[in-house]
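> Next come a sequence and a model predicted from it.
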Amino acid sequence: MSLSAPAVITARLRLRPFDDSDATALHALHSNAHVLRYWDAPPWRDRARAERFIAACREMAEAGTGTRLAVDRSSDGAFLGWCSLTRWNPDYRSAALGYCFDDGGWGHGYATEAARALLQWAFDTLDLNRVQAETDTRNAASARVLEKLGFVREGTLREDCVVNGEVSDSWVYGLIRREWQ
């Protein structure tokens with residue numbers, strides 16, 4: 001079953017399916033070591049990696065397991081990052097939320113706004129009961145985004161990842177439909 005990726009408009013943002021022209025901006029985002037300092041994969045070195053990422057976004061939607069959307073600022077069309085809903089399981093009515101934003105857009109509430117819009121679409125369209133998210137325990141900004149959205153910290157995955165050669169813990173957050181605002 002295909003999961004058609006939505007185009008979602010908010011007060012300041014446009015969330016849309018990736019297209020091939022996004023590869024340069026996507027590569028810039030994922031090659032920024034500062035942006036990825038809590039990421040469990042190294043920065044990209046090769047622009048072809050961005051092209052494979054975009055192809056994987058299409059494959060995920062076609063397989064019906066999730067959607068990953070580019071996020072642009074409405075005022076000038078600038079690419080800010082992406083927001084995703086992956087691991088969609090219609091039997092369990094569950095999915096996982098993820099996002100990655102350029103450091104130039106940090107501190108403006110873009111991640112919260114984009115994730116809120118995607119979650120609203122998902123709760124309305126996919127009849128979700130639960131959404132899970134994880135963040136590195138050192139990433140206080142990401143934890144704040146999740147808490148603003150109503151997620152509850154449910155636990156710690158000890159030594160869950162290796163980030164830049166350093167073993168790292170992750171916090172697990174959950175959002176239940178009845179708690180959604």
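On my side now, so go ahead. Residues are numbered from 1 along each chain as shown.

> Do I have it right that Leu85 meets Leu97?
Yes - using Cβ atoms under 8 Å, Leu85 is in contact with Leu97, at 6.1 Å. In short, each C-beta sits where N, CA and C put it, glycine included.

> joint contacts of the two?
Jointly contacting Leu85 and Leu97 under the rule Cβ atoms under 8 Å, 6 or more residues apart in numbering are 118-119, 131.

> Span of stretch 161-180 from start to end?
Start and end residues of stretch 161-180 are separated by 29 Å (Cα to Cα, to the nearest Å).

> tell me the mean pLDDT for it?
The average of the pLDDT scores along stretch 161-180 is 92.

> Show me how far it is from its chain's centre.
Chain-centre distance of stretch 161-180: 12 Å, with Cα atoms, centre = their mean, to the nearest Å.

> got it, and stretch 128-148?
Averaging C-alpha positions (Cα atoms, centre = their mean) puts stretch 128-148 10 Å from its chain's average.

> CA atoms only for it - export them in CSV, please.
What follows is stretch 128-148, C-alpha atoms only, in CSV (Å, rounded to 0.1, in the frame of the first residue of the first chain):
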residue,chain,number,x,y,z
LEU,A,128,-2.5,6.7,14.7
ASN,A,129,-2.6,5.9,18.3
ARG,A,130,1.1,6.3,19.2
VAL,A,131,4.1,8.1,17.8
GLN,A,132,7.6,7.5,19.1
ALA,A,133,10.7,9.7,18.8
GLU,A,134,14.3,9.4,20.1
THR,A,135,16.9,11.9,20.7
ASP,A,136,20.5,11.9,21.9
THR,A,137,20.4,12.8,25.7
ARG,A,138,22.9,15.7,25.0
ASN,A,139,20.5,17.3,22.5
ALA,A,140,18.5,19.5,24.8
ALA,A,141,17.0,21.5,21.9
SER,A,142,15.5,18.4,20.3
ALA,A,143,14.1,17.2,23.6
ARG,A,144,12.4,20.6,24.0
VAL,A,145,10.8,20.3,20.6
LEU,A,146,9.4,17.0,21.5
GLU,A,147,8.1,18.2,24.9
LYS,A,148,6.5,21.2,23.3
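
> Tell me the buried residues in that stretch?
Within stretch 128-148, the residues that qualify as buried are 128, 131, 133-137, 139, 142-143, 145-146, counting by 16 or more other Cβ atoms under 10 Å.

> Check the average confidence over that stretch, would you?
Average pLDDT, stretch 128-148: 96.

> Perfect, I'm done here.
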